[in-house]
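Participant: Okay, predicted coordinates and the sequence, questions at the end:
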Amino acid sequence: MQPASNTPTSFTGYQKLVVFILAFTQFSVILDFMVMSPLGDMLMKSMRLPPSQFGLAVSGYAFSAGISGLLTAGFADRWDRKKLLLFFYIGFIGGTFFCSLANSYYSLLAARIITGIFGGVIGAISMAIVTDLFTLNQRGRVMGFVQMGFGASQVLGVPIGLYLANAWGWQSPFVMIGTMAAVTAVMIIWKLKPVTAHLQLQRDKNALTHLWHTLARREYRIAFGATALLTVGGFLMMPFGSAFAVNNLGVTYQQLPLLFMVAGLSTLVVMPLVGKLSDRIDKFRIFAFATIWSVTLVILYTNLSTSHFWVVVVFNVLTMAGVMSRMVPSAALTSAIPAMADRGAFMSVSGSLQQISGGIAAAVAGMIISQKDRFSPLEHYPILGYVCAGVLLTCMFMMYRVSVIVRKKARLTEALEEKKEKAELAV
């Protein structure tokens, strides 16, 4: 039972180790996806891909990850979460190495689909482990550290990947990611204990019934809707970020690593801070403030023309701060929605919706944006910014509904605890 108090609870030594392992796992998976954006302009030019085909290459990962998550959802609460995590992580490693061997658009698309089938489920399994092992008053800090993988991928992974790509070709970052993920898999085998407490609570006789019962609950569907919109808002601009910076803002390939590194460093500062604040004050208020901040910066950034490099850096840092400040409180809020017996299925469906929504966003962005030739500016990028702003505001309304459900559950938990204490005193 989760404590009702807002006083943060300290971590045990093993909990700190789990956070470290999951953060490394998330780092490799996020980096595999994130590196596609900074490599975007290089890939489009080397393979002669139009924006629509590059958008589909990004979407291929997302759609396959989403379908995989849905198929896994019914089984997610029927297995040791450690074994499930390890199975999909090993598949992800194989898919990443396959990406490094791609030499055409279709082989790249196939590699991204395979990687997505395995990689797209890992985040959901990690979140289920977090929810099982940490109380609600710890999860803001845990989410902040685990999701620092996003910032760390930009500080370390993306710049190093870009340097490798400039030196040995765009395939080399995938070799780096696969090797690093293999080391992380050894850590999971060696250090992570089995996570099986949820197995004692299973009531459904088969996986399909369990999945149906998860989808049938109204409060779960509200959380799923908020998650889908959250992802669409975050993914609309991401795939073409480097292409916009290079072709519209005047950033060079040599400057791209520094651009991503500085933006990533800012998230390493913002994420733990927002995580701590999420454990102390109302999570929805943080989310709402970050949303308004993000909407303002997105509209301004997408209307920029050729600019000084450090102006672009400042806009990226401020925009990233807003986007990442939405992720931590929203993840903590939605993690409080499912019961323990449903957490694996809930997180798998939620992860699937994130991937599918991201795929839709990337495909839509590819349809909105056009480019006359490989070296001309991207067109209609401001329109993409306005669409993104509308999605962000709609998501804020949906997340408010999630926060109402969480508050009701907290009040119910408090009432049950008080009733239990009175009964014990009476005895």
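Facilitator: The structure has been received and is ready for your questions.

Participant: residue ranges with poor pLDDT in the stretch 1-150 of the chain?
Facilitator: Counting by pLDDT under 70, the stretch 1-150 of the chain has low-confidence residues at 1-9, 38, 73-78, 136, 139-140, 143-144, 147-150.

Participant: can you map out the helices along the stretch 201-350 of the chain?
Facilitator: In chain order, the stretch 201-350 of the chain shows helices spanning 207-216, 218-235, 241-247, 256-278, 283-302, 309-335, 343-368, with DSSP state H, counting those that start in this stretch as the criterion.

Participant: From the chain's centroid, how far away is the shortest one?
Facilitator: Centroid displacement of helix 241-247 relative to its chain, using Cα atoms, centre = their mean, to the nearest Å, is 22 Å.

Participant: list the helices and strands that helix packs on?
Facilitator: helix 40-46, helix 256-278 (3 or more Cβ pairs under 8 Å, 6 or more residues apart in numbering; DSSP states H and E). For glycine as for every other residue, the C-beta is placed from the backbone atoms N, C-alpha and C.

Participant: Including mean neighbour count, could the ones you listed go into a markdown table?
Facilitator: Rendered in a markdown table, the data for these read as follows (neighbours: other Cβ atoms under 10 Å):
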| stretch | mean neighbour count |
| --- | --- |
| helix 40-46 | 20 |
| helix 256-278 | 21 |
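
Participant: Out of the ones you listed, flag the one nearest Lys16.
Facilitator: Smallest distance to Lys16 across those (Cβ to Cβ): 13.7 Å, for helix 256-278.

Participant: CA atoms only: put that closest one into CSV for me.
Facilitator: The C-alpha coordinates for helix 256-278 follow below in CSV (Å, rounded to 0.1, in the frame of the first residue of the first chain):
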residue,chain,number,x,y,z
LEU,A,256,25.6,19.4,-34.4
PRO,A,257,27.4,17.4,-31.7
LEU,A,258,27.8,20.5,-29.6
LEU,A,259,24.2,21.5,-30.1
PHE,A,260,22.9,18.1,-28.9
MET,A,261,25.4,18.0,-26.1
VAL,A,262,24.5,21.3,-24.6
ALA,A,263,20.8,20.5,-24.8
GLY,A,264,21.4,17.2,-23.2
LEU,A,265,23.4,18.7,-20.4
SER,A,266,20.5,20.9,-19.6
THR,A,267,18.2,17.9,-19.2
LEU,A,268,20.7,16.3,-16.7
VAL,A,269,20.1,19.4,-14.5
VAL,A,270,16.4,19.7,-15.2
MET,A,271,15.3,16.1,-14.8
PRO,A,272,16.4,15.4,-11.2
LEU,A,273,15.2,18.8,-10.1
VAL,A,274,11.7,18.2,-11.6
GLY,A,275,11.7,14.7,-10.1
LYS,A,276,12.3,16.1,-6.6
LEU,A,277,9.6,18.8,-7.1
SER,A,278,7.2,16.1,-8.3
